[in-house]
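Asker: Output the structure for:
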Amino acid sequence: MRRRSALLRALLALAAALCLSACSGAVWQQRVETPVGDDITYDEKVFRDIEHVIDVCATPLTLQPGQTRLNGSDTLLADCKTGGAIDFARIERGSANPAGARAAATIMSVINAELPQPIPARLLSVETTQQAQLLTWLIPMFQRQVDGMDDLPSFARDAIMQVVRSLLGGAGCTFKTNVNVTLNALNFTSIQFSWERGARGARVLRLTADLDAAQPQATANITTDLKCFGSNKNVANSLLESMAPDGPHAVTLRGGHIVVDYGLSVRVNPQSHRGEIAVNANSVDFTLDSISIEHFNKQPADAFLDQKIADLNLTAAGVAQKAATLLKRPFAAASPLLGNLLLAGLDLDQPEDTRRLTVVGVEVDTSAGAGAHTMRFATMRTDKVCFFRPGGHIGPDGRFVPGEGEWVCGNFPPPKQACTPIPGTRLCLPPPRLPRP
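Answerer: Next comes the predicted model:
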């Protein structure tokens, strides 16, 4: 489990690094300053720029077994380098936002993260043991194979089948099978990011990717230990060795598609009293159209292999279910990292800015239709106390006439009572509430 999780942590490091590039830089921000704080909005243009760079420079996006670092220049911009220099002209060509594509490529080029563990070479190791009496279903396979031995007289073929029926129908033989699945290069295509509104209105950062099925993603190495009547050196073993599907088998997953929804919210750190972006992996879904394992095109070895595939539940539905369970934990482990990256991307602590801000809310807007969703982060000033002063006046009839009102900010001392005095008046207000986004 730990070794398999390392691969997924590598993918998460990639997603986190891309999120950092997505959430940094004024080129993608729409920032509205208010007396109380700033509203910072990201639309999906930032994601289109990142996707364009990956499509041009790293399709398919490849991860290799044994890889220990994620280098943006080598992994994300591999096809857009000439003599070590980035070919920005190629990146900008065909982009709907050349400046944004250049900015995304520039940030990607400086990513150089060490993976928590090298991407593993072995993904699965299983050992199964069967008694010969459970293999009577193989008798017809042997019959067809023996019937094809035209150079043997019929009495010899009958004698062979009599031995086979005796061995497969009895309990004299034990089959111990080892299946080791090793990882080949993994290629990913159609990587996409989006802001979404999830279940019950949750604010969601969604990551989707497809597994490229052009090449087998893994190799299953099978070895079988046959022992008949307490020994592996006798005639019975020689007869049954022909059925063992020993050797390497290419494993191909077709139609692999992953969707990860990260829910976003804001919480106040009890120590620093500052707002933080909390991220949780709400759901990890993995679907698979089919799985194929290379056969030897000979019987009964292929029949035995099919039986092993069924025993291990190596079907599309079975593998997808195992993958979804396996992916949940490592993707959830990356949640704090994504939250910190999103918070850093808001650029709330700029040295030249005397207004100190903290994030207080997050909201997604999907009303503009697919591909035009936005995520808005609301912030509040911490260097001043702000409250809303209702507008209005007393009319001729003595009744209060409401007005527009305004936000008032000042360097007021911390309240010692249940309300805060308003300078220049005899009034006081209760402690201010954080504005909602």
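
Asker: I'd like the next helix or strand past the lowest-mean-pLDDT helix or strand in the chain.
Answerer: Sorting the helices and strands of the chain by mean pLDDT, DSSP states H and E puts helix 2-23 at the bottom, at a mean of 54. The helix or strand immediately downstream of helix 2-23 is strand 29-33, counting by DSSP states H and E.

Asker: which secondary structure elements does that following strand contact?
Answerer: strand 38-42 (3 or more C-beta pairs under 8 Å, 6 or more residues apart in numbering; DSSP states H and E). (C-beta placed from N, C-alpha, C; glycine too.)

Asker: Next, the angle from the strand it packs on to strand 29-33.
Answerer: 160 degrees (axes from the mean of the first three to the mean of the last three C-alpha atoms, to 10 degrees).

Asker: what's in contact with strand 38-42?
Answerer: 22-23, 28-32, 195, 346, 357, 374-379, 437 (C-beta atoms under 8 Å, 6 or more residues apart in numbering).

Asker: Please repeat the previous calculation with a cut-off of 10 Å.
Answerer: Contact with strand 38-42 is made by 22-23, 28-33, 195, 342, 345-348, 353, 355, 357, 359, 361-363, 365, 373-381, 435, 437, as judged by C-beta atoms under 10 Å, 6 or more residues apart in numbering.

Asker: Give me the buried entries from those.
Answerer: 22-23, 28-29, 195, 342, 345-348, 355, 357, 359, 361-363, 373-381, 435 (16 or more other C-beta atoms under 10 Å).

Asker: quick one: which of the residues you listed sit in strands?
Answerer: The strands, defined by DSSP state E, take in 29, 195, 357, 359, 361-363, 374-381 from these.

Asker: Any regions of the stretch 101-250 of the chain where pLDDT drops low?
Answerer: Across the stretch 101-250 of the chain, the ranges flagged by pLDDT under 70 are 113, 115-117, 120, 123-124, 131-138, 167-173, 229-243.

Asker: I'd like the domain boundaries of this structure, if you could list them.
Answerer: 2-123+177-345, 385-437 (automatic domain parsing).

Asker: which of these sits most buried?
Answerer: domain 2-123+177-345 (a mean of 18; mean count of other C-beta atoms under 10 Å).

Asker: which residues in the stretch 101-250 of the chain form strands?
Answerer: 112-114, 122-131, 173-183, 186-197, 203-211, 218-228, 247-254 (DSSP state E, counting those that start in this stretch).

Asker: Would you agree Trp195 is in contact with Ala370?
Answerer: No: look at Trp195 against Ala370 with C-beta atoms under 10 Å: they stay out of range, at 11.1 Å.

Asker: which neighbours do those two share?
Answerer: In contact with both Trp195 and Ala370: Glu44, using C-beta under 10 Å, 6+ apart.

Asker: sorry, back to before: show me which of the ones in strands among the buried ones among the contacts of strand 38-42 is closest to Gly66.
Answerer: Nearest to Gly66 among those: Trp195, at 35.4 Å, using C-beta to C-beta.

Asker: Show me the beta-bridge partners of that closest one.
Answerer: Taking DSSP bridges as the rule, Trp195 bridges to Leu205.

Asker: Provide a list of residues in contact with it.
Answerer: Applying C-beta under 10 Å, 6+ apart to Trp195 gives the contacts 42-44, 46-47, 203-206, 264, 364-366, 372-376.

Asker: could you redo the last one with a cut-off of 8 Å?
Answerer: Counted by C-beta under 8 Å, 6+ apart, Trp195 has contacts 42, 44, 203-206, 364, 366, 373-375.

Asker: List just the nearest of those to Lys176.
Answerer: Arg206 (45.1 Å).

Asker: so who does the closest one touch?
Answerer: 192-196, 259-262.

Asker: Redo these as CSV? Include distance to Ala85.
Answerer: Output for the contacts of Arg206, formatted as CSV (distance: C-beta to C-beta, whole Å):
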residue, distance to Ala85
Gln192, 28
Phe193, 27
Ser194, 32
Trp195, 34
Glu196, 37
Val259, 36
Val260, 34
Asp261, 38
Tyr262, 35
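
Asker: Helix or strand for Ala323, just tell me which one.
Answerer: Going by DSSP H and E, Ala323 is part of helix 316-333.

Asker: Settle this for me: Ala214 is touching Leu186, isn't it.
Answerer: No: taking contacts as C-beta atoms under 8 Å, Ala214 lies outside contact range of Leu186: 11.7 Å.
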